Structures are given as C-alpha cells and as structure tokens.
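*Asks:* Mind looking at a prediction? Sequence and model below.
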Amino acid sequence: MSMRELTFAQAIREALDEELARDERIFVLGEDVGAWGGVFRCTEGLFQKYGAERIIDTPLSEEGYIGLAVGAAMTGMHPVPELMFGDFITLAMDQIVNQAAKMRYMTGGQVQVPITIRVTMGGGRSSGGQHSQSWHAWMAHVPGLKVVVPSTPYDAKGLLKTALREPNPVVFFEDKVMYSKIKGPVPEEEYTIPFGKADVKREGKDVSLIAISRMVHPTLAAAEKLAAEGISAEVIDPRTLTPLDEETLIKSVAKTGGAVIIDEGYNHFGTTAELAATIAYGAFDFLDAPIERLGAMDVPIPFSPQLEFATIPDEAAIILAVHRILDGRRR
Amino acid sequence: MSMRELTFAQAIREALDEELARDERIFVLGEDVGAWGGVFRCTEGLFQKYGAERIIDTPLSEEGYIGLAVGAAMTGMHPVPELMFGDFITLAMDQIVNQAAKMRYMTGGQVQVPITIRVTMGGGRSSGGQHSQSWHAWMAHVPGLKVVVPSTPYDAKGLLKTALREPNPVVFFEDKVMYSKIKGPVPEEEYTIPFGKADVKREGKDVSLIAISRMVHPTLAAAEKLAAEGISAEVIDPRTLTPLDEETLIKSVAKTGGAVIIDEGYNHFGTTAELAATIAYGAFDFLDAPIERLGAMDVPIPFSPQLEFATIPDEAAIILAVHRILDGRRR
Amino acid sequence: MPARKTQTAILPLPPDELRELYRKMLTIRIFEETVFDVYRKGLMPGLAHLSDGQEATPVGVCAALRLDDTITSTHRGHGHIIAKGGQVEPMMAEVMGKVTGYCRGKGGEMHIADVSLGILGANGIVGGGIGIAAGSAFTAKREGKGRVSVAFFGDGAINQGILYETANIAVLWKLPLIYVCENNQYTEFTNYHKLTSGEGLVARAKAMGMNALEVDGNDVLAVYQAAHEMVEAARKGKGPATLVCQTFRYGGHHVGEPGTAYRSKEEITEWKARDPIPAFEKILLNHKVIAPSDIETMHDQIHTQLQEAVATAQEAPFPEVKEVGEHVYA
Amino acid sequence: MPARKTQTAILPLPPDELRELYRKMLTIRIFEETVFDVYRKGLMPGLAHLSDGQEATPVGVCAALRLDDTITSTHRGHGHIIAKGGQVEPMMAEVMGKVTGYCRGKGGEMHIADVSLGILGANGIVGGGIGIAAGSAFTAKREGKGRVSVAFFGDGAINQGILYETANIAVLWKLPLIYVCENNQYTEFTNYHKLTSGEGLVARAKAMGMNALEVDGNDVLAVYQAAHEMVEAARKGKGPATLVCQTFRYGGHHVGEPGTAYRSKEEITEWKARDPIPAFEKILLNHKVIAPSDIETMHDQIHTQLQEAVATAQEAPFPEVKEVGEHVYA
Ligand SMILES: Cc1ncc(C[n+]2csc(CCOP(=O)(O)OP(=O)(O)O)c2C)c(N)n1
Ligand SMILES: Cc1ncc(C[n+]2csc(CCOP(=O)(O)OP(=O)(O)O)c2C)c(N)n1
Ligand SMILES: [Mg+2]
Ligand SMILES: [Mg+2]
C-alpha cells in the first residue's frame, strides 16, 4: 500500500470526501461547516466540491439540527451532523438518546437510523470548563448507539468510513488536540476498519495499558520509557466502546497479569470503570494486582494550564501506575 | 422514636413540607406539581398550604425551568425542580451539567448553587422506552453534582431533608414503582441522613449484595431465600453515589469475599461498572470470585411486560449470581 | 372557544372521500372507546392516552396528504395513526403488547408506527417528533417529488425549544413541513392559558416567518381546507406553515383519570355540544352524501371490526423473551 | 444597517455620569486592545473573544442598572463585565490564568464573574446564561426590592430554544428580566441573515407577549434610553422586555482570526465609520461635558492602568496545583 502522512483532521476530511462521493444520501451539517470549512478544518473544501445542499451551515440550534438529522436518517438519508465542542452534546441529548438510539427498537425494527454524529472531546487547550469535556462514557451507556474513539489518522479514516456505511446511529468522538498535532500514515488505497476490533498498538508481556483516543499517545510514550527500564508494556486501543472488543482486552491482561486504563473522560462512573470491571471479571484468575484506573480528575475542567494538566492523565502518571502494579504484584 | 408507616411518596412529601416550612428560600417547581399535587402525588396539598408562589406549575419547558432554577439558586433561593420522568433529563442536561455543576468551580468559589433536582427513574410499569429509564450513572459521572438514590421511605425523607440543606446541586432519584408500593417506618421526630454513608440493610458473611434504589427490595427478598439455603448474604445500599461510601462497600467485600452489584440503570458503562471497579480495586486481596454485575439489559426498554421484566434484574437473577460466585470460589 | 365556521354549500371533496373522512372519524372514536374498555378490563399493560373528541383534526389534516407524505405523532397518537391509514388490528395488538402489534409489542401504546404508510411514529417526549418531522421534510425536499411532512403536537409542545429551533431552520430552508398544533386546552392538568404567554402559536409562528392559521379543530372540513392550502403550498416549495386547531379531549389525560377535577362541567358540556362527529354527520346528511342507514351500518361494521381486533389480539402471543435483544441495531 | 438616530439636544444623564459612560467605553476598547496584545505576546493561555466596536451596548444598558441588578454574559463578555463595574486588574489576571484573577484562574477568559457586583458570569455555552438570568429575575421578584436581571446574548443565541422557553415563563410570571441581544451581524463566520428566519428577534419577542425594541447599538445614549425605560418598567412589575442592539465587532471571532474572510472590506469600513466612541465623544464635546484635554488624560490613564494590570498579572502566581480539587463543592 502506498502511504502518505496525514493529520488527524485531514484523515477525517478525506473519509468524508470519499464517502460523500460514494453515497448521495450522505450530507454534512453543523455550525460553520460549510463555506468556512469547519472551525477545526475537517470539512475544508467540501462545500466548494459538494455544494451548499450537501455541506450545510446550520443556525446555532444543536437540538434542532440534530433532531432534523434524526428524521432525515429515518427517511433514507445519511446525515453527518457535527457538534463543534462535545460539551454541547448536552443540548442535543434528547434527540440522540430518546430518539435516534431507540427508534429502531421502539418500532419493532421498522426503521434504520443511519446517522453519524461527529463530536469533539478532550482538554489541554485552556478552553475552560465548558469547552473541554469528553462525554463518550455517557454515550456508551446508551443502548442503540455505537461509539467510536479513534486515536490515529489511520484509524480515524477507516472507522469514519465504516460509520458512514453503518445503518445505525454512531457517535464519533474526535479529540481536538489531535486534529493538527497528530500525523500518521494513511494509505492512498480505500480501506475501512470494522467496529468492535481493538488494536494492539504495541506488543508487550509485563503489563497491559489500555488507552482511549488521544491518551494512546502519552501511553505509547510511557511504554517506550518503560522499555528502557526493562518493562515490556502492551498498549491496546479499543477504538470503539460500543461494540467493545472485550476479548482482546481480557486476553492481553490474562497474558500480562496487570492493567492500567487511561482515558480523558472523568474517572468516576466513566470509561475506566467499565473497562476495569470488564477486565477484572474476564481476567480474574490472571490478575496479579488491582487494575489501575487513570481517568480525568473529577473536577470541572480548569482554565489555568497547570491546573488543567493536573487533571489529565499523562506519561508520568502512567509510569507511576505501572510501577504500582509491578511493585504490588501479589501472586 | 415514635414511628408510622409511610409510603415512599408520603415520605418525600413530608420532607418537602417540613423543609418548606423551615426555609423560606425553598420553592418547588415543575409540571403539574401545584394545584394537581404532582402526577405521583409527591406534592399533594403543598400548593394549598404554601401557595402558588412556592409550589409552582411550570410550562412544559424542562430546559427553561431548570435553567431558571439554576439562576434562582445562584441568587439565594433553594429551588426544587421536579422532572416528572427521569427520561426527560436529556432536555435539561445543559443546565444541569454545564451550568449548575460548574458554576461554583468556574467562578473560583464565588457562588453556591443549592438546587435539588428531583428526578424519577425505573421501569416495570410498561411505560415504554421513553418513560422508564434510569440515568443516575450519567449524573454520577459529572463532577460538581451530588447524586442520591434512596430505597426506603425512611432514607428518602432523611436524605431529601439533607439535600434541601445542601449548598450544592443535588440530583435526587426516585424510583416510580416505589412511590405507592413501598411502605416503611418513618419516625415522627425530625431527622436527617448524611450523604456518603452506605446503609447495611441486612448483615451477612458469605457474600455482599450491593443494590441501588428499588433494587434493594428484590435483593432483600433474595437474601431471605438464600438464608433458607444456608447462605448468609449482606445487603448494602450505598444511598448516595456521589459521594460514594467506598469504605463500607470494600470492608463488606473484604469480609465476605464476593459481591453482586444490582442496579436498574443500564449495565454497560453504568453504576455496576463503577461499583465493581471500585470494589475490585479496594478488596483485591479478598475477592474469591469475580464480581457479578446485574444492571438492566442494554436494550431500549420494551413495552410488553415479559420483555420488559426480562431486562430488569430480579430475585432469581440475584440468587443465580450468588451461586455463580459461591460455586466458582477460586481461593 | 372559537366561533364555529359555517360550512360552505359546496363541499370541498367528492362524496366517496367525504364518506371516508367520516368513517375514519368514527373509527377513531370507536377505537378510543374500545381501548378504554380494554384498559378497564385489564387487557393491556401501562397507560392509555385517548383522543376522543379530537377526531376532526387528524382526519382533516390527513385528508390533505398523500400516501408518501409523512407524519409524526404524540403520546396521544391513535387518531393521527388511523387518519393516516393505520390499521386498527396491529394498533390494538400493539396497545395490548402482542407480537402481532405494529412494533411487535416493543413500542407500546405511545409509540405506534407504520413507516410504510408514512407514520414515523408516535412519541413519548412532548415535542420529540418535531425534529423527526423536520428531517423528513428535509429528505422530501431533497427528493423533489412534492412530498410533505406533518408534525402533530399538542398545546404543551408550544413551549418546547425544539419547536423554535426547527421553525427557524424550516423557514430558512423552505422545508415542506406543516406544524399542526392540536390545542385541546390542557397540558395534562393545567389550562393552556396558564402556561402560554402572548397571543399564542399563530403569532409566534408568523414571527418566525411562516404562514400560520387557527381553525376550529372540531370542524373537519375547515381543518381539511386550511391544511390542504398549506400542504399544496409546501409541495410547491413555498416552505413551512403552522395550523392551530382548537379542540378538546373528552376523557382524562390518561385512562383512569376522569378529567373532571381541573375542568368545569360547563366547559366539558359546551365542548361536547360541539362534537365533531355529529356535526360532520349533519353536513353529510344535509348534502345527501350519506344516508342515515349508512351511518348505522358503518357504525356497526367498525364496532365489529374493533371487537374482532381485540379478540384476535387477545389470542395473539406476547413477544418471546428471546427477541428482547433484537432490533437494537440493524 | 440601522439608521443613525440623531441625539436630542438634552442629554439624558448628568455630566459626571456621561463622563463615566465614556470612561467605561474607552476602558473596554483599551482592555480589548490590551488582551489582543497579551494574546499575541503569548502571555495568556487559550483563546480570546474581543468586543471592540461593540462598547456602546453594554455601557448603555448597564447605565440603566443599579449595583444590585444582575447580568449574565457571553463568551464575548469583557465589555459587559467592565460596564457593570468589573475591575480590569482581576479581569486581566483571570484572562492570564493567574490566581489573582476573578475566578482564581479556574474560569478563564470566557468565564469571568464578580458576583458581588451582580455579574453572574460570562458563559461559554451560547444562550447558556439566559436561564440563569431568568432565575435571577425570579429571585428579584420574590425579594420585591425592584431589582432587575439582564441577559446579554449575541445574535447566535436567537436560535437557541431556551430563549423561547424562558421568554414564555418570564411573560407569564412577569419577571423583571431584560433580554439584550447584541446583533453584531455574525454568528462566528456566518452572516446573521443566513441563520435567522422572519423579521428577527423583535418580532419574535413581541409574539411571545413582551415589549421589544431595536436600537442602534453603537449609540450609547439610544441604548441607555431604551434600556432605561425597559428596566424601569420591569422594576415596577411590568414584566420582561427585549432590546435588540445592532452593532459590529471589529476583530475576528477570536484573536488569531482576522475577521476578513467572511466580511467585506466595505462592510467593515462602513461600520468603523460609525465607531461608537468618537460618536459619543463628539456629543460630549459639543455639549461641553468633556474637554479635548480630558479625553487625552482619560485615555492615558486607562492605558497606564491596563499596562499595570498586565504587569501585575504577569508577576502574579498561577494557582497552585493543590487547589485543583477545591471549589468543586461548597
Ligand atoms: C418532554 C416531556 N415533558 C413532560 C412529559 C409528560 N407529559 C406527558 S403528556 C403531557 C402533557 C402534554 O400536553 P399537550 O402537548 O397539550 O398534549 P395533550 O396531552 O393535551 O394531548 C406531559 C406534561 C412528556 N411526556 N415529555
Ligand atoms: C451552544 C453552543 N453552540 C456553539 C458554540 C460555539 N460558538 C461559540 S461563539 C459562537 C457564535 C456565537 O455567535 P453570537 O451569539 O452572535 O455571538 P458573537 O460571537 O457574535 O458575539 C459559536 C457558534 C457555543 N459556544 N455554544
Ligand atoms: Mg393539550
Ligand atoms: Mg454575533
């Protein structure tokens, strides 16, 4: 395969572009996604290429335009609404949770709701408490939704293309910090990545590090440092939370005997809880130490950088957690 | 103390009544809470007693009246908005999560937001997919909120009175099925129950059953049956999810060596995950078998009773889970 | 109470279509009475939200619609569904939670849908169907076949934000979307006037930039004519419109609640004097569109049909527990 | 663009108050210019949303307010905060993330608040402050001391549902609430007219049943007079009102975005010709309320004050990491 380096945003844009070309039913809508190209440049040039009918600037009405997208999905279109900041998902929750997620079930299978909701996540940009949150755990708590949390340009493109062929509602989380800062190889050739398949980003045998979205990157960096200490860490990226590839996670931990879960959503009642509980159950006989959960600190996200960075798991915290596990091995 | 038997709804009503009398700042608002007395009768007679200025019928505008309540709380009142069905919390999420929960933090401690949001939960009434959900795990994932999940009239009254004296936003979950069906002793005398103190509803030594809200009742019934089999089950009710009395849960499991978590919220990424992960961590050295999680099945809640009941944990499922633990004891 | 519009001498539809309107109104009435019975006999789970008294609005509106037009409905949706062509047998089975129901017993009384007839579903969230209706209108516009979308909602939904958010979009994008508000004077147990500011929805919709009109919602022909004009304008690309229909529910908010504590006897009596069915009957008789004996026959037929629907549904199985996990995802 | 209202010969406020208005407008302008600088020098984290060009609206409105009246503000909130009496030193410190900031560096540029001055906070959710403002109006009514509440918001918020939900309630309950829409013609990068249906907010607010008026938002005295009337009516229990102020932001949506890609040179030039500060200056000079030398002095003073504010904030510490967990709960 011939590869190029793309940024995370470019990978997203390319997936949208290819699928818009492939399927007439797909259209993009959101605030400033059109002529402006999106505040994070993910729809750059698409308005010029596909026109105002398919790349649509909406009023500042999250509940309204996401509701509209749900209805369009039920009647044969495949809408791709964007929520500029994931924090605003609070405004469209009813349409996502009580409408999109349930319509198929409540009609006894009469409809499909192929809607792909693109939502940002992640802090670390000093954007304050209302522009930094990561609500993927909420979405994964809702039956009827599929939840995607890519960590690389390659995964983002392949998973978004899958989402755009899905007959179900998908909430697709994109960490804002990755858009321009994370670059990676993406093949020229067409490909998709199936939902429900975790990706082993690095193989290892002493401890399993399971990281979500952008957290994969500090986790890989931590694994590198640990390697220098002679500790072999396996890094796994679940890539989708619903469906969740429990098997890959459990097998890894059954092999290594220890796990750290790293996520930028709040720790309490969040993604780290589900993954830790699932692994603790499935790998019960193999765990040598308690599973370490590194979610974001349970405080509204502060503005001032030192405070904000203190709330987000980082390389140092991951290394410390690994040491807690290895030092505390009990069997 | 002199006791009477009150229903769950009567206990709620009495707490409201006493606190309305005590504190001028408290007022109740919601749909049909006034002259009608609330669809679940929790505000019966209060309109007549305290008048239209303090027991307020709102238009059908969840986002609007909860937003108003947040602002009233910030300026010295203690509003008690009711969300008739917890499913509608989706409509007011922004005001609860991005406003009420964060205002104190984002202002560096300048304000208090003493708002007590009463929300129903629970299925089993054939009310369909949009009138049966239990979203307490969502709320417990939000820093800045306190989350209460009482299971008895006694606890409901004592905890609601505490909420009504709290300087922080509280989301108070009431299982609809309990309103008229669960009766219990409530002292005539004034009392309050502190947040963050789990209650041991039944002592035992072989296994710990940790149940949330209404699930305490089938859990107690299961414990009774297990006793007949010679199995001594401890039943613990955390009563509040934020703050969570981790210590009591961990101590119990350290003693019994096994745990089942029973909750009517969806299982995946829900309350059972947090409790299981917390206990698996804290009681790691004492667990003899994996922790069993019994949440609601991860499907939109169906209407037809057989289907609906299949999604909700019940006595039989609890007993089975206990047997899985005891049969599977590995140490 | 709105003044009753006198009927024009010339009826706006051919006789067979008028008879069909009448048949549908009667079907709704008898359906609701039958559900009442079914509920009281304990043959259905959950609650029932009936619309007897309000039949003229859905029937008048749907008379202006094509098969491929879509509607979204409310918690009080039986009338809308029958008016759009829904069959009473799978409706009754759904109400009773049977696998032969429209939604295999998974949706229930508040969630009946028949997507093949353009019925995109009743909805338990007040205002919840409005976004879906806007989306269907969006698809309709894209398809370019003149199809329209109707959002039915009650007076309670007037104060849900999504109404304004979608109205703004619908006007801007000229969506073929008709907002139909059935104002039955009460939002549950509270009077409309206690909950709604200003002049009401017609004024609000006009301020959003769309055509809006209020009609006597108990006058099926008045409803039809107003809806017809709005629908035809929408088909031609003229954008959305709002129709407010003044009407009244006879029963309580749900079965088991008589609806008398918060509504005066006089109010109920007054509205019952303006019952949409006898009023329409009179017109049809006057114009000799229908004979008295036809009415009786029709009544009997529908009654029998409903009794059979109940009997069949009673015998039908509940969904098997093993299908509880099906239809979550496609 | 709205026609410029000619000023009456009689000024509506005494000289010292007029000078104070001018001083506040100038302070906002220089504050924004200073933040621009601070941002470009990399002295602040995050983004900055500036309001230079829009000074007349917050200053005109807040001139009608008492100390105990409250306001809620937006992501573009510096002007509102200064107009209501906010001090530039803790504002600048907050912008720079320092512990000496109004919110100890926890809120940031978009979340400045000074509750003791009735500034209930800027808000990062467009429309997010509207509910809070309604709640403050509710408390004000309960207290019965004639206090009012003002919700500032941009043209983008016109299409957020909460506006209509609270407007309906505010009218019904006669809350002392003034909705102030600063229409700066753009919602981020898209023109107002592309996003707003019908005749705009004045028509919509009137349809909700409240008094509503549009004024030249660059004419501080016109804003003051309109706001004053609405505020005094609200104090007397006459309920809410809506004031739409037409204005323009000079810079981009945020610093780092020049604001020129989606706005024509002509549009920008036209609006700059109507700069609210020289316009007001001219009136004050004509009426001899102020002397040219006063203006210069004032300008210098404010400039110096801001430079010192930056210098002080630069030296101030960031919040200590150990306080990250404080102020979550009271
Ligand atoms: C968002 C939401 N809030 C509250 C309810 C509870 N509820 C069900 S019906 C109803 C009243 C609806 O009134 P209206 O829209 O006038 O319809 P009607 O019942 O009169 O047909 C209420 C408050 C709901 N289902 N959805
Ligand atoms: C609910 C919500 N949606 C989207 C955004 C992102 N956003 C921030 S400012 C803005 C434009 C706001 O326009 P307007 O209200 O006119 O205020 P202005 O920026 O012109 O002062 C948008 C879309 C947001 N902060 N909140
Ligand atoms: Mg009604
Ligand atoms: Mg603007």
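*Replies:* Happy to help now that I have it. Ligands and ions are numbered 1, 2, ... in the order given.
*Asks:* For ligand 4, what is the nearest residue in the stretch 151-300 of chain C?
*Replies:* C:Asn168 (15.3 Å; Cβ to the ion). To be clear about C-beta, it is placed using only N, CA and C from the backbone, and glycine gets the same treatment.
*Asks:* roughly how far apart are that residue and chain B?
*Replies:* 16 Å (Cβ to the nearest Cβ, to the nearest Å).
*Asks:* so does stretch A:224-241 get close to chain C?
*Replies:* No - residues of stretch A:224-241 contacting chain C under Cβ under 8 Å from any Cβ of the partner chain: none, with a closest distance of 12.7 Å.
*Asks:* Would you mark the buried spots in that stretch?
*Replies:* Burial within stretch A:224-241, assessed by neighbour count using 16 or more other Cβ atoms under 10 Å in any protein chain shown, is assigned to A:Leu226, A:Ile231, A:Ala233, A:Glu234, A:Val235, A:Ile236, A:Asp237, A:Pro238, A:Arg239, A:Thr240, A:Leu241.
*Asks:* For chain C, state which of these is nearest.
*Replies:* A:Thr240 (12.7 Å; Cβ to the nearest Cβ).
*Asks:* and that closest one, what are its bridge partners?
*Replies:* Beta-bridge partners recorded for A:Thr240 (DSSP bridges): A:Val148.
*Asks:* wait, isn't it in contact with A:Ser151?
*Replies:* No - with contacts counted by Cβ atoms under 8 Å, A:Thr240 stays clear of A:Ser151, the gap being 11.4 Å.
*Asks:* is stretch C:122-137 anywhere near chain D?
*Replies:* No - under the criterion of Cβ under 8 Å from any Cβ, chain D is not reached by stretch C:122-137; the shortest gap measures 9.4 Å.
*Asks:* Extract the CA atoms of that stretch and return them as CSV.
*Replies:* The C-alpha trace of stretch C:122-137 is given here as CSV (Å, rounded to 0.1, in the frame of the first residue of the first chain):
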residue,chain,number,x,y,z
ALA,C,122,-46.0,8.4,18.0
ASN,C,123,-43.6,9.8,20.5
GLY,C,124,-43.5,9.9,24.3
ILE,C,125,-41.4,13.0,24.5
VAL,C,126,-43.6,16.0,24.2
GLY,C,127,-42.2,17.8,21.2
GLY,C,128,-40.0,14.9,20.4
GLY,C,129,-41.4,14.2,17.0
ILE,C,130,-40.9,17.7,15.7
GLY,C,131,-37.2,17.2,14.9
ILE,C,132,-38.0,14.0,13.1
ALA,C,133,-40.7,15.7,11.1
ALA,C,134,-38.3,18.4,10.1
GLY,C,135,-35.8,15.8,9.0
SER,C,136,-38.5,14.1,6.9
ALA,C,137,-39.3,17.4,5.3
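*Asks:* roughly how far out does that stretch sit from the chain middle?
*Replies:* On the basis of Cα atoms, centre = their mean, to the nearest Å, stretch C:122-137 sits 13 Å off its chain's mean C-alpha point.
*Asks:* Report the mean confidence score over it.
*Replies:* Average pLDDT, stretch C:122-137: 98.
*Asks:* what do you get for stretch C:160-172?
*Replies:* The model assigns stretch C:160-172 a mean pLDDT of 98.
*Asks:* Next: stretch C:182-190.
*Replies:* Stretch C:182-190 comes out at a mean pLDDT of 98.
*Asks:* List the contacts of residue 142.
*Replies:* Picked chain A for this. For A:Val142, the contacting residues are A:Ile96, A:Val97, A:Ala101, B:Tyr266, by Cβ atoms under 8 Å, 6 or more residues apart in numbering or on different chains.
*Asks:* That was the other one, I meant chain C.
*Replies:* A:Glu53, A:Met77.
*Asks:* Tell me if it really is in a strand.
*Replies:* No - read with DSSP: H, G, I helix; E, B strand; the rest coil, C:Arg142 is helix and lies in no strand.
*Asks:* so how far is ligand 1 from it?
*Replies:* 29 Å (Cβ to the nearest ligand atom, to the nearest Å).
*Asks:* about what we covered before: farthest pair within the buried residues of stretch A:224-241?
*Replies:* For those, the farthest-apart pair by Cβ to Cβ is A:Ile231 and A:Thr240; their separation is 28.2 Å.
*Asks:* show me what contacts the residue nearest the centre of chain C?
*Replies:* What sits nearest the mean C-alpha location of chain C, by Cα atoms, centre = their mean, is C:His80, with 2.8 Å. By Cβ under 8 Å, 6+ apart, the contact list for C:His80 reads C:Pro58, C:Cys62, C:Ile71, C:Ser73, C:Thr74, C:Ile119, C:Ala122, C:Phe152.
*Asks:* Lovely, talk soon.
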